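Student: just need the structure, nothing else, for what follows:
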Amino acid sequence: MRYTIAALIIAGVARPAVAADPPARPNVLFIAADDLNHWVGHLGRNAQAKTPNIDRLAKMGVTFNRAYCAGPVCNPSRAALMSGLRPGSSGVYDNGQDWKPVVPKERTLTTQFLNAGYNVYGAGKIYHASAHRPGEWTDYFVGDKEKTAPHPDAKNDGVGGIRFQPLTDDSRLQDESTVDYGIAKLGAKHDKPFFLAVGLHKPHMPWNVPKKYYDLFPLDKIELPPAAKDDLKDVPPAGIKMAKPDGDHAAIVKSGRWKEAVQGYLAAIAYCDAQVGRLLDAYDKSPHKGNTIIVFWGDHGWHLGEKEHWRKFALWEESTRMPYVWVVPGVTRAGGVSGRTVDLMSVYPTLCGLCGIDRPKHVEGEDIKPLLLDPKAAWDKPGITTFHLNNHAVRTDRWRYIRYANGDEELYDHDNDDYEWVNLARDEKHAAVKQDLIKLLPATNKPELPRAKDKE
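Tutor: All right, here's what the predicted structure looks like:
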């Protein structure tokens, strides 16, 4: 016996097809940390670090243990990530160089989300020094003024330019109001998908945070970073010029306060971690949790005496590597760890792809969705970092190759030399390796923009 579709519908056996609602576009929680190197617990670089919340975030999705910045300085790193243009493509290589004239509004990451119908909220430090332009954000909160006081135990504010001191525990830093803003947005009702950028200033100097964070790291238990005697003996002049060993490092060693400085940095990291924890608690309670991507990134690394260098401003591992974590509902699995080499130029194209937004043609960098799906997927792309015109570092899973503008070179084998103590650039045994790495150097190197005096 044959039945018509109509009869089957009446009998309840068949039902008419109904067009499904399109899937909701994901929200984005975009968390940036300032001057946070790889001293976080789950990366294992420094066993003293206490970062339970960043480690908790890593367990929620995929963390990258070989992630590198586009520039080892706040301004070029952030301008590159937010514009999709590497430093050599924009001319933004250092602090004090104004990125706005060379990055049209229509090219920025936030503009793509606005044009796609998102509300785009920002707070704190996303671009350098909390810079932001009207027309690229639905709303932007810079942060409240700080209310701080040195703790009575504080000796002074540090050694030369390396500044640190404990504060009274009732001190309130700008990051707290920045996170308050983020928490409010995570808990609010939204009539559109949202992109929420929360930029933390810590652990940027000064490492002035409440004393309770200093107390987590008793001074008599502090261990200094691994160092090699005469580490710079095989570093070429261009590398030594960047390191400036006679500056901060010499002053710290002479002062006898190296351990105090390390304590200050660890305390500032712990403070930053606590703010990340507040955001994650709000995320867990948010009605939007099931459809919100998290991307967490540090803008670059930081040296604390490794290679006789302090701060960033160099092309070695410590100044270029930082934490990088993604949580993407329906894509990432909890506890994913990728050893593939990536850089922060991946943020822009990956977010566009995950949110169904067309990737602008100007955007450089790789979409790392394949690694979010499978952290161990095949991958042959390097991390590339640039500091000033024609100074580049290429990082693969094994090698770091540095080429300076004057032709000076460094080559390090991370399978055997994770702290980059032996420069192999002149070793003929590695000539072929070096030639392969040279091919990966950026081809576009625009002149530097004028530099105005600016804070780091």
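Student: burial measure for residue 96, as a count.
Tutor: Number of residues near residue 96 (other C-beta atoms under 10 Å) recorded here: 15. Where you see a C-beta, it was placed from the backbone N, CA and C, and this is true even at glycine.
Student: wouldn't it be in contact with residue 449 here?
Tutor: No - the criterion here is C-beta atoms under 8 Å, and residue 96 misses it with residue 449 at 9.0 Å.
Student: which residues sit in contact with residue 152?
Tutor: If you count contacts by C-beta atoms under 8 Å, 6 or more residues apart in numbering, residue 152 has none.
Student: element containing residue 293, please.
Tutor: Taking DSSP states H and E as the criterion, residue 293 maps to strand 292-298.
Student: revised request: answer the last question for residue 279.
Tutor: Counting by DSSP H and E, the element that carries residue 279 is helix 258-285.
Student: please identify the buried residues of that helix?
Tutor: Buried residues in helix 258-285, counted by 16 or more other C-beta atoms under 10 Å: 258-280, 282-283.
Student: ditto for stretch 332-345
Tutor: Those would be 332, 336, 338, 340, 341, 342, 343, 344, 345, for stretch 332-345 by 16+ other C-beta under 10 Å.
Student: center of this structure, which residue is that?
Tutor: The centre of the chain sits closest to residue 298, judged by C-alpha atoms, centre = their mean, with a distance of 2.2 Å.
Student: for it, which non-adjacent residue is spatially closest?
Tutor: Among residues not flanking residue 298 along the chain, residue 322 sits closest, at 3.3 Å (C-beta to C-beta, 6 or more residues apart in numbering).
Student: pLDDT score for the one you found?
Tutor: Here the pLDDT value assigned to residue 322 is 98.
Student: for it, grab the count of nearby residues.
Tutor: Residue 322: 27 surrounding residues under other C-beta under 10 Å.
Student: same thing with residue 188?
Tutor: Residue 188 - counted by other C-beta under 10 Å - has 12 other residues nearby.
Student: quick one: the strands in the stretch 351-456 of the chain, in order.
Tutor: Taking DSSP state E, counting those that start in this stretch as the test, the strands found in the stretch 351-456 of the chain are 383-386, 392-395, 399-403, 409-413.
Student: between the ones you listed, which one is nearest to residue 430?
Tutor: strand 409-413 (6.1 Å; C-beta to C-beta).
Student: relative to strand 399-403, how tilted is that closest one?
Tutor: Counting by axes from the mean of the first three to the mean of the last three C-alpha atoms, to 10 degrees, strand 409-413 lies at 180 degrees to strand 399-403.
Student: below-threshold pLDDT in the protein: ranges please.
Tutor: For the chain, the stretches flagged by pLDDT under 70 are 1-23, 453-456.
Student: tell me if I'm right that residue 27 and residue 292 touch.
Tutor: Yes - the criterion here is C-beta under 8 Å, and residue 27 meets it with residue 292 at 4.2 Å.
Student: the two: which has the busier surroundings?
Tutor: Taking neighbours as other C-beta under 10 Å, residue 27 and residue 292 compare with residue 27 leading, 25 against 20.
Student: give me every residue that touches that one.
Tutor: Applying C-beta under 8 Å, 6+ apart, one finds that residue 27 lies in contact with 190, 193, 194, 195, 196, 288, 291, 292, 293.
Student: the third one against residue 184, yeah?
Tutor: No - in terms of C-beta under 8 Å, residue 194 does not count as a neighbour of residue 184; the distance is 11.9 Å.
Student: higher neighbour count, these two?
Tutor: residue 194 (22 against 13).
Student: and that one, bridged to which residues?
Tutor: Per DSSP bridges, the residues bridged to residue 194 are residue 119.
Student: related to what we said a few turns ago, name the helices or strands packed onto the strand holding residue 293?
Tutor: Secondary-structure packing of strand 292-298 (3 or more C-beta pairs under 8 Å, 6 or more residues apart in numbering; DSSP states H and E): strand 27-33, helix 52-60, helix 258-285, strand 324-327, helix 347-354.
Student: run a quick neighbour tally on the closest residue to residue 414 other than its chain neighbours.
Tutor: Nearest-residue entry for residue 414: residue 398, 5.7 Å, with adjacent residues in sequence omitted and distances by C-beta to C-beta, 6+ apart. Per other C-beta under 10 Å, the neighbour tally for residue 398 reads 12.
Student: can you check residue 438 too?
Tutor: Using other C-beta under 10 Å, residue 438 has 13 neighbouring residues.
Student: I'd like the distance between it and residue 347.
Tutor: To residue 347, residue 438 is 26 Å away according to C-beta to C-beta, to the nearest Å.
Student: dump the helices and strands packed on strand 292-298 to a markdown table, plus distance to residue 360.
Tutor: Formatted as a markdown table, the helices and strands packed on strand 292-298 follow (distance: least, C-beta to C-beta, whole Å):
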| stretch | distance to residue 360 |
| --- | --- |
| strand 27-33 | 17 |
| helix 52-60 | 29 |
| helix 258-285 | 29 |
| strand 324-327 | 21 |
| helix 347-354 | 8 |
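Student: go ahead and confirm the residue nearest to residue 298 touches residue 296.
Tutor: No - using C-beta under 8 Å, residue 322 makes no contact with residue 296, being 10.0 Å away.
Student: list residues touching both of these two?
Tutor: residue 33.
Student: how about the helices of the stretch 301-450 of the chain, start to end?
Tutor: Remark: helices assigned in the stretch 301-450 of the chain by DSSP state H, counting those that start in this stretch are 317-320, 347-354, 369-373, 431-438.
Student: among those helices, which is the most enclosed?
Tutor: Most buried of the helices of the stretch 301-450 of the chain, by mean neighbour count (mean count of other C-beta atoms under 10 Å): helix 317-320, with a mean of 26.
Student: which residues touch residue 28?
Tutor: So residue 28 contacts 113, 194, 195, 196, 292, 293, 294, 295, 351, 355 (C-beta under 8 Å, 6+ apart).
Student: how near is it to residue 110?
Tutor: Using C-beta to C-beta, residue 28 is found at 10 Å from residue 110.
Student: need the overlap of contacts for those two.
Tutor: Listed as contacting both residue 28 and residue 110 by C-beta under 8 Å, 6+ apart are residue 195.
Student: what's the farthest-apart pair in the buried residues of stretch 332-345?
Tutor: With distances taken as C-beta to C-beta, the most widely separated pair in the buried residues of stretch 332-345 is 336 and 345, at 20.6 Å.
Student: right, and residue 353 touches residue 366 too?
Tutor: No - using C-beta under 8 Å, residue 353 is not in contact with residue 366; the gap is 10.4 Å.
Student: residues making contact with stretch 96-108?
Tutor: So stretch 96-108 is contacted by 75-76, 79, 82-85, 90-92, 111, 127-128, 131, 133, 135-136, 360, 362, 448-454 (C-beta under 8 Å, 6+ apart).
Student: buried subset of the residues you listed, written for PyMOL?
Tutor: Here is the PyMOL command that selects the buried residues among the contacts of stretch 96-108 (16+ other C-beta under 10 Å):
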select buried, resi 75+76+79+82+83+84+85+90+91+92+111+127+128+131+136+360+449
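Student: quick one: contacts for residue 69?
Tutor: With C-beta under 8 Å, 6+ apart, residue 69 has these contacts: 77, 298, 299, 300, 301, 320, 321, 322, 343, 344, 385.
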